[in-house]
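Participant: for reference, the sequence and a predicted model appear below.
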There are 2 protein chains.
Amino acid sequence: MDATQEYLQRRDQLVREDRALRVDASRLASLTDIEAKAEAVVRATRAVEADSVWGTGKSIFDYNPIDSTPNVFPGMAFLTARETVTKTKLFQMLNKMPKGALLHAHLDATVNVDVLLKLALAQPAMHVRAPARLTTSNIVATLPEFKVLSPGAFSTSSSLTDSTYIGGEWVPLYRARETFDESLEGPVGFDNWVKRALTINPSEAYGTHDSPTKIWAKFSSTFLTCHNLIYYLPIWQQYIREFILSSIDDGISYVEARVNFLYKYMTGPDGLENLPHREWLIIFDRVLNEIKAELKEQGRQDELIGVKLIYTTIRFITPEELEWYTEDALALKQEFPHLIAGFDLVGHEDSLKPLIDYIEPLTKFMRRREELGVDLPFIFHAGETLGDGNAPDMNLYDAILLGTKRIGHGYSLVKHPKLMEICREKGIAVEVCPISNEILRLTSSMPAHPLPILVNHGVHVSLCSDDPAVFGNMGLTFDFFQVLMASEVTGLLTLGEFARDSIKYSMLEDEEKAYALGLWEKRWLEFLEWVGRTGDE
Amino acid sequence: MDATQEYLQRRDQLVREDRALRVDASRLASLTDIEAKAEAVVRATRAVEADSVWGTGKSIFDYNPIDSTPNVFPGMAFLTARETVTKTKLFQMLNKMPKGALLHAHLDATVNVDVLLKLALAQPAMHVRAPARLTTSNIVATLPEFKVLSPGAFSTSSSLTDSTYIGGEWVPLYRARETFDESLEGPVGFDNWVKRALTINPSEAYGTHDSPTKIWAKFSSTFLTCHNLIYYLPIWQQYIREFILSSIDDGISYVEARVNFLYKYMTGPDGLENLPHREWLIIFDRVLNEIKAELKEQGRQDELIGVKLIYTTIRFITPEELEWYTEDALALKQEFPHLIAGFDLVGHEDSLKPLIDYIEPLTKFMRRREELGVDLPFIFHAGETLGDGNAPDMNLYDAILLGTKRIGHGYSLVKHPKLMEICREKGIAVEVCPISNEILRLTSSMPAHPLPILVNHGVHVSLCSDDPAVFGNMGLTFDFFQVLMASEVTGLLTLGEFARDSIKYSMLEDEEKAYALGLWEKRWLEFLEWVGRTGDE
């Protein structure tokens, strides 16, 4: 063996040692023929498209001072890449991949805004208003406000754009749309106005609101705006249904959705805001069972293991107020043990209260949990920040000390060698939300995302969509796609490990989990075979 | 002790364990009064300015759809922050800090472009041309080209903007400036035209060229443009002098500068390109000794320990061509052992040849080095990339296997647990270039930079400016400033450890190093005392 060969052997050995902690390390060490073929097909497709779709064809010796071509590259900013992504062969492949579980998504942002608007337009009780008559000069700066009125209080106002509209009066939603003035592009202009308020667009994320605080202002506003559309029982039950069915369509077979229980009541069919949390769960359970029955009828029961909810409230409540919510969560868990998977505090970590502020009610909750013998674990958001040693970064210490089962985001976890070690040893997985992190300006693009650092340090991860209705990353395919484009180490089999881990680190009972994993393995094998066959075409 | 107190103790313990590998861990464990006071002053100043200078005053509940305020935050993108940075109290404090050594800077981009232009304008032999007459419509798209002509060949052309200028003819530099047309803003317009070609401006970095490949095209073009300005002996000797003196002014007391030896000759006073590398070193040595003598005369000899050079050539040469350079470097090291500190290969890692392509000439060089008994270590650039497992990321394995003494950039090192462990154990420090990484689009801002990950994993770092003439981060103060603003863990004493490490991990001989450290400690103590006193004002 010559010196170069000997060097290459040492190099291979070092690379192996460096990657030894990765979740895919042992699998990649010995592949089946089916795995090897599918992996090769995906890598080849990626390599071709990295150039044909995402390459600029330019070299660093082609400087053009007045360059006006787009700044295109693999894993580039999602909102400008989205349309191109959907057209790629790689995306179409991943679309068919069985994704396992979706472990981090906020229910209020999980249904496509087109669908939500359609659901709302069908409700005569749904009204909309603006602070002043909408015109071409104020429409961009004006947000819609929605509200369900009681049957007796339905409005007779007919338009948001008519000269008779003074501002502030409620207009029935469908009528506001129909009468939207032609100068504002009529009903299409109305739809765009509403959708703009419910989503983040590229000029905001990458232009006017390109800082974490500013984009969070926009992000928060989408939730404030959509709340009254969603929390109206006739819509909510269809909304849940749509969320579950569209998840199944994307290859997701199990979900743990975070539900915002901050508001104590939902609006009922009578227009009164009086449905308490236990009613929400009764309805949720009913919709879920209906879907399961339908799937069974269609022989598709294996496509959905189930859906559970993570109880959440928002990090701006006082520690005293938190006690009401923890008691509420305990009561719901006792009544619906199969539906509630965990407890979390959500909201903008950089500006809201850190976990340490709630340490007393949280430790009290832990004692109560034990007294009652209720298994209601913490699944905390923590470290969703660019900060180093600031309050949200410090949340990671508290989440772990309080016994969190997983970490939501954990974007700053990579800064913490001891905490990564604990996650590795205690099996605390991280719910990584790639596209969310990019749009909320923690990273400028996927190649700059810390995911590979976590993975190489042996921390288990599950890829999640977070708020797909706001970001446009419906399902999990987009997030899997961006992750795959941004790394040469990550291949299809790595994505498979992430999917496997999403089930392994779910809150399913051991028996359910084993069953879910078995079903997933079966679908995964079929998928790999299919991917392999596309390579023969 | 109640439950909360007990919790807080466990939390403190965990934080300590998590930070145990940090270079500042033992120092922070027991501070002198002087250290504690200076640290407190800096932290207080930072906290005030984080709000008064870098705060938007906005909350996430203040969404304005037509927001046109700037996207301001601590550690924000440098090119738009620069002017504000210089006005802060924190910057003015750090400006006085003894910085230790500058271990990563490319000589060709170390002198302020205003100064370089002034040096060039004083040379009658320096000429400039453009491919066509410059007008308001083509000036932005046109780059200047410079060249020294021999005395007999001086041009009589008088203007780049006159209707008689056909394009391509050389015009004496000073005359081109004087005759620059008023419609192009006269001499000031000329200066701006030249400076635009030698620097990266915010609209390029954050707009038209906002991708790693595109910004590197601009970046490379600045080097191609300035080469003929700098590599003319009458300018070069003043250029070196300016670089060294301005470094001293910024509190830098020792430098290891990377010199591009790709071109085999420099242009001499006679206008002929015939000065070989050993002549460069003779001149360099003379200028350095002159400066040392002047400093001694002024009683300032302690401000400059020395300047050494790292021999570099560019990663686009063939492996065969590399052998010429390694032999050249060995010969220079033998003749000027006190001047040459190491050997490196530079250039855009994402698109040029990886180290593995040069494995044969590099291992041959290692054998030759041993045969000759010459101590000429590798100090490789590696991992200056967003890639994961791509060729530049893999350069890290090769740099380490080949025995690099430090790593230039090592931006992707944080992905490699085993390599970080080796760096920690073998004392391989990383030359981190914060502002360079941001302008070259590896990170969108300092808070997103991986520096804290390296530091918390116990990897030693030295902060460096890389190419300050192109980026506008002259000296080291700007880089120290950005790092300090982007982390709550990092304080003044952490910066002090970085400065200390820059000397410890330099290529100084043990005795020189001990001497340099002693001088630095003395200045550091004086600086801390001064910072503390500013807190009393």
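Facilitator: Structure's in. What do you need?
Participant: and the strands in the stretch 201-350 of chain A?
Facilitator: A:252-260, A:265-267, A:273-276, A:306-314, A:340-346 (DSSP state E, counting those that start in this stretch).
Participant: now the ones you listed in TSV, with mean pLDDT?
Facilitator: Below are these laid out as TSV (pLDDT from 0 to 100):
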stretch	mean pLDDT
strand A:252-260	98
strand A:265-267	98
strand A:273-276	97
strand A:306-314	98
strand A:340-346	98
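Participant: so which of these is nearest B:Leu322?
Facilitator: Relative to B:Leu322, the nearest member of the strands of the stretch 201-350 of chain A by Cβ to Cβ is strand A:252-260, separated by 52.1 Å. All C-beta spots, glycine's among them, are computed from the backbone N, C-alpha and C.
Participant: distance between that closest one and the chain's centre?
Facilitator: Remark: strand A:252-260 is offset 9 Å from the chain centroid, using Cα atoms, centre = their mean, to the nearest Å.
Participant: again with stretch A:316-327
Facilitator: What separates the centre of stretch A:316-327 from the centre of its chain is 25 Å, taken as Cα atoms, centre = their mean.
Participant: check stretch A:506-525 too.
Facilitator: With Cα atoms, centre = their mean, you get 21 Å for stretch A:506-525.
Participant: which residues does it contact?
Facilitator: Stretch A:506-525 is contacted from outside by A:34, A:98, A:100-101, A:103, A:251, A:253-254, A:256, A:302, A:305-306, A:308, A:341-342, A:377, A:379, A:405, A:496, A:499-500, A:503-504, using Cβ atoms under 8 Å, 6 or more residues apart in numbering or on different chains.
Participant: just the buried residues of that stretch, please?
Facilitator: Using 16 or more other Cβ atoms under 10 Å in any protein chain shown as the test for burial, stretch A:506-525 gives A:Ser506, A:Met507, A:Leu508, A:Glu512, A:Lys513, A:Ala516, A:Leu517, A:Leu519, A:Trp520, A:Arg523, A:Trp524.
Participant: and the fourth one, that's in a strand?
Facilitator: No. Assigned with DSSP: H, G, I helix; E, B strand; the rest coil, A:Glu512 falls outside any strand and is helix.
Participant: and stretch A:78-97, end to end?
Facilitator: 20 Å (Cα to Cα, to the nearest Å).
Participant: how about that stretch and chain B, any contact?
Facilitator: No. Stretch A:78-97 is not in contact with chain B by Cβ under 8 Å from any Cβ of the partner chain; minimum separation 11.0 Å.
Participant: would you map out the domains in chain A?
Facilitator: Under the assignment automatic domain parsing, the domains of chain A span A:92-113+A:223-527, A:124-198.
Participant: and the longest one, how far from the chain's centre?
Facilitator: If you compare the mean C-alpha spot of domain A:92-113+A:223-527 with that of the full chain, they lie 8 Å apart, counting by Cα atoms, centre = their mean.
Participant: kindly report the same for the last one.
Facilitator: Averaging C-alpha positions (Cα atoms, centre = their mean) puts domain A:124-198 29 Å from its chain's average.
Participant: anything in it near chain B?
Facilitator: Yes. Under the criterion of Cβ under 8 Å from any Cβ, chain B is reached by domain A:124-198 at A:Val140, A:Ala141, A:Thr142, A:Leu143, A:Arg196.
Participant: which residues touch the third one?
Facilitator: When you say that, I think you mean A:Thr142. Neighbours of A:Thr142 in contact, by Cβ under 8 Å, 6+ apart: A:Ala130, A:Pro131, A:Ala132, A:Leu134, A:Trp193, B:Pro65.
Participant: how close does the first one sit to A:Leu355?
Facilitator: What it means is A:Ala130. As judged by Cβ to Cβ, to the nearest Å, A:Ala130 and A:Leu355 stand 39 Å apart.
Participant: so who does A:Gly347 touch?
Facilitator: Here A:Gly347 is in contact with A:Ile314, A:Arg315, A:Phe316 (Cβ under 8 Å, 6+ apart).
Participant: are any of these buried, and if so which?
Facilitator: Of the contacts of A:Gly347, these count as buried by 16+ other Cβ under 10 Å: A:Ile314, A:Arg315.
Participant: re the thing from before, now the buried residues of stretch A:506-525 as JSON lines including secondary structure and pLDDT?
Facilitator: JSON lines is the format used below for those (DSSP: H, G, I helix; E, B strand; the rest coil; pLDDT from 0 to 100):
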{"residue": "A:Ser506", "secondary structure": "coil", "pLDDT": "98"}
{"residue": "A:Met507", "secondary structure": "coil", "pLDDT": "98"}
{"residue": "A:Leu508", "secondary structure": "coil", "pLDDT": "98"}
{"residue": "A:Glu512", "secondary structure": "helix", "pLDDT": "96"}
{"residue": "A:Lys513", "secondary structure": "helix", "pLDDT": "98"}
{"residue": "A:Ala516", "secondary structure": "helix", "pLDDT": "98"}
{"residue": "A:Leu517", "secondary structure": "helix", "pLDDT": "98"}
{"residue": "A:Leu519", "secondary structure": "helix", "pLDDT": "98"}
{"residue": "A:Trp520", "secondary structure": "helix", "pLDDT": "98"}
{"residue": "A:Arg523", "secondary structure": "helix", "pLDDT": "98"}
{"residue": "A:Trp524", "secondary structure": "helix", "pLDDT": "98"}
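Participant: circling back to that earlier point, neighbour-wise, give me the winner out of the contacts of A:Thr142.
Facilitator: Counting neighbours by other Cβ atoms under 10 Å in any protein chain shown, A:Leu134 leads the contacts of A:Thr142 with 25 neighbours.
Participant: surely that one meets A:Trp193?
Facilitator: Yes. A:Leu134 is within contact range of A:Trp193, at 7.5 Å (criterion: Cβ atoms under 8 Å).
Participant: quick check: neighbours shared by the two?
Facilitator: A:Thr142, A:Leu184.
Participant: ok, back up a step: wait, which of the strands of the stretch 201-350 of chain A is closest to chain B?
Facilitator: Chain B lies closest to strand A:306-314 among these, at 11.4 Å (Cβ to the nearest Cβ).
Participant: what lines up beside the closest one in the sheet?
Facilitator: strand A:252-260 (parallel), strand A:340-346 (parallel) (DSSP bridges).
Participant: what's the neighbour count on A:Tyr263?
Facilitator: By other Cβ under 10 Å, 12 other residues sit near A:Tyr263.
Participant: brain fart, A:Phe336
Facilitator: Neighbours of A:Phe336 using other Cβ under 10 Å come to 17.
Participant: swap in the one 10 residues further on?
Facilitator: A total of 19 residues lie near A:Val346 under the criterion other Cβ under 10 Å.
Participant: hang on, the earlier thing: can you tell me which of the residues of domain A:124-198 next to chain B is nearest B:Pro234?
Facilitator: For the residues of domain A:124-198 next to chain B, the nearest to B:Pro234 is A:Val140 (58.9 Å; Cβ to Cβ).
Participant: tell me the contacts of that closest one?
Facilitator: Applying Cβ under 8 Å, 6+ apart, we find A:Val140 in contact with B:Pro65, B:Ile66.
Participant: make it 10 Å
Facilitator: Contact analysis of A:Val140 by Cβ atoms under 10 Å, 6 or more residues apart in numbering or on different chains lists A:Trp193, A:Arg196, B:Pro65, B:Ile66.
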